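# give me coordinates for this.
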Amino acid sequence: MSSPQKSLFQRIIDREIPARIEYEDDLCIAIHDIQPQAPVHLLIVPKRSISRIESMHHTDEMPVGHLLYVAKELAQKLKLERGFRLVINNGPDASESVPHLHVHLLAGRQMGWPPG
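From the prediction side, this is the model:
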């Protein structure tokens, strides 16, 4: 029986695909997006694969909350005092392109409202 195919992010976490890593700890990795939508565009990815928000379980509360804490720490490290935006896409209508939950940290320009 074959194993399920790894997501792009799991392959990055496993160092099978190179990435520009901004931060890493036991629970997550933060990488620079290869198609940035703002001057600062990081992807904060849990090391444990959670396909999307709607697939979360109670046990995922802590690792997903950790992603938000890491976003705050990165914003401070990168001196994003003027503001930043956090985005989590869920499903095809939200432009989710990798089925591995992740947080986009966007900054360095004025963000429009409403988003999308």
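# what segments of this protein are helices?
Assigned by DSSP state H, the helices in the chain fall at 8-13, 61-77.
# turn the ones you listed into a markdown table, including mean pLDDT and mean neighbour count.
All C-beta atoms are positioned from the backbone trio N, CA, C, and that covers glycine. Output for the helices of the chain, formatted as a markdown table (pLDDT from 0 to 100; neighbours: other CB atoms under 10 Å):
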| stretch | mean pLDDT | mean neighbour count |
| --- | --- | --- |
| helix 8-13 | 95 | 18 |
| helix 61-77 | 97 | 15 |
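# quick one: closest of the ones you listed to Ala30.
Relative to Ala30, the nearest member of these by CB to CB is helix 61-77, separated by 6.0 Å.
# list the buried residues in stretch 88-108.
Residues of stretch 88-108 classed as buried: Ile88, Asn89, Glu96, His100, Leu101, His102, Val103, His104, Leu105, Leu106, Ala107 (neighbour count, 16 or more other CB atoms under 10 Å).
# lowest-confidence one in those residues?
Lowest pLDDT among the buried residues of stretch 88-108: Glu96, with 89.
# for it, grab phi and psi.
Backbone geometry at Glu96, expressed as degrees, to the nearest 10, gives phi -70, psi 120.
# for the chain, what spans make up the strands?
21-24, 28-32, 40-46, 84-87, 103-107 (DSSP state E).
# now do the fourth one: which elements does it pack against?
For strand 84-87, the contact count by 3 or more CB pairs under 8 Å, 6 or more residues apart in numbering; DSSP states H and E identifies helix 61-77, strand 103-107 as packing neighbours.
# ok, Ser55 - how many residues close by?
12 (other CB atoms under 10 Å).
# so what's it up against?
Leu101 (CB atoms under 8 Å, 6 or more residues apart in numbering).
# 516 is where my numbering starts, stick with that
From this message on, residue numbering opens at 516, which makes the last subject Ser570.
# tell me the spacing between it and Ile527.
20 Å (CB to CB, to the nearest Å).
# over to Pro630?
For Pro630, the distance to Ile527 - CB to CB - is 26 Å.
# likewise Leu601?
The value you get for Leu601 to Ile527, if CB to CB is used, is 20 Å.
# so where is this protein shaky, pLDDT-wise?
Applying pLDDT under 70 to the chain flags residues 516-519.
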